[in-house]
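Fold the following and give me the result.
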Amino acid sequence: MQSVAEFGYWGASKKSQNLPLHTNPGLEIVLITKGEFTWQVEDRLDSIFPGTVFFTLPHQRHGIRDRLHPGAELYFVVIRPDRRQPAFRLHRELGLAAAENRWISKTLSRTHRHTFPASPLLRALLPAVFRELRQQLYGQAALVTGLLRAAVIELARIVATNPGLPPLKADSAVTVRQFARELERRHDEPWTLDAMANTCRLKRTQFAARFTELTGDTAMTYLNRMRIRRAERLLETTGQTVTEVAFACGFQSSQYFATVFRQFTGVCPTARRNS
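Numbers count the residues shown, from 1 in each chain. Model (predicted):
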């Protein structure tokens, strides 16, 4: 489709991803479904939470200040502008009336914020756009055009009503977020999912769901990520054996450590030491 410059999905992975400052040729709309991080637009920093919609105008510099956590999940689409217009307007393929196009462009261009809580409608539209663009089915262009038109109108409505920053989702979000930070220094302890939930005074299923929502990782994947990060440092900076490093990082056997290490880094522990 001529109106779509780019689209995609970033899902959870073992390895961390990076998104340095860059620009796009059109209006980019991003829906964050999992994970928390800091996004930068020009010189402004925005905190991103699950359920956030984020947008940038054509040629605005933006990117992730820190490395994107591997557990983060997001959908994005970049919509080309109408090159025939001197001011920013969306591509004519969307079929927007001139007055609608002017209102959307003006609403998005005048706000100083780029991060808003996504409405239920927008949470459904962005994944639907991605799924439809990946397929080559009859009527695809008409369906995608309708979905994109609805998405940009809904985005402009959200911006126009200026609902404020996404609120924390009750006290459990604060508790789990603090515990995730605590795991960074207590990763060598013999954690189980039950022990983590008990520490946060939450039921196992409630803890597991909230942890994944906030980080994008399961709790055990997050724990192993912290352990492997430390193991890499020890292998590169100390003379400890692989077995010693495994136990120092909280693993109960060098064999399991080697398996997990390869999953996260793509190489075995000895290869990292010799690199």
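
Give me the outermost residue of the chain relative to its centroid.
Residue farthest from the centre of the chain, counting by C-alpha atoms, centre = their mean, is Gly239 at 36.7 Å.

and that residue, helix, strand or coil?
coil (DSSP: H, G, I helix; E, B strand; the rest coil).

Could you report the pLDDT at it?
Gly239 carries a pLDDT score of 89 in this model.

phi, psi of it?
Main-chain torsions, Gly239, degrees, to the nearest 10: phi -100, psi 10.

Let me see the contact set for it.
With contacts defined as C-beta atoms under 8 Å, 6 or more residues apart in numbering, Gly239 has no neighbours. In short, each C-beta sits where N, CA and C put it, glycine included.

Isn't Val144 up against Glu132?
Yes. Between Val144 and Glu132 there is a contact under C-beta atoms under 8 Å: 5.1 Å.

which one of those two has more residues nearby?
Ranked by neighbour count (other C-beta atoms under 10 Å), Val144 and Glu132 place Val144 first, with 22 against 18.

Tell me the secondary structure of that one, please.
helix.

Domains in the protein, by residue range?
Domain segmentation of the chain under automatic domain parsing yields 4-161, 170-274.

on that earlier part again, would you check how far apart the residue farthest from the centre of the chain and Arg273 are?
In this structure, Gly239 and Arg273 are 9 Å apart, going by C-beta to C-beta, to the nearest Å.

In this structure Gly250 contacts His187, no?
Yes. Under the criterion of C-beta under 8 Å, Gly250 makes contact with His187 at 5.7 Å.

Mutual contacts of those two, please.
With C-beta under 8 Å, 6+ apart, Gly250 and His187 have common neighbours 223, 227.

Export stretch 153-164 to CSV, keeping only CA atoms.
In CSV, the C-alpha atoms belonging to stretch 153-164 read as follows (Å, rounded to 0.1, in the frame of the first residue of the first chain):
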residue,chain,number,x,y,z
ILE,A,153,-8.9,9.5,14.0
GLU,A,154,-8.9,7.7,17.4
LEU,A,155,-5.3,8.9,18.0
ALA,A,156,-6.3,12.5,17.3
ARG,A,157,-9.3,12.2,19.7
ILE,A,158,-7.1,10.9,22.4
VAL,A,159,-4.6,13.7,22.0
ALA,A,160,-7.4,16.3,21.8
THR,A,161,-9.0,15.2,25.1
ASN,A,162,-5.5,15.2,26.7
PRO,A,163,-6.3,12.6,29.4
GLY,A,164,-3.0,12.8,31.3
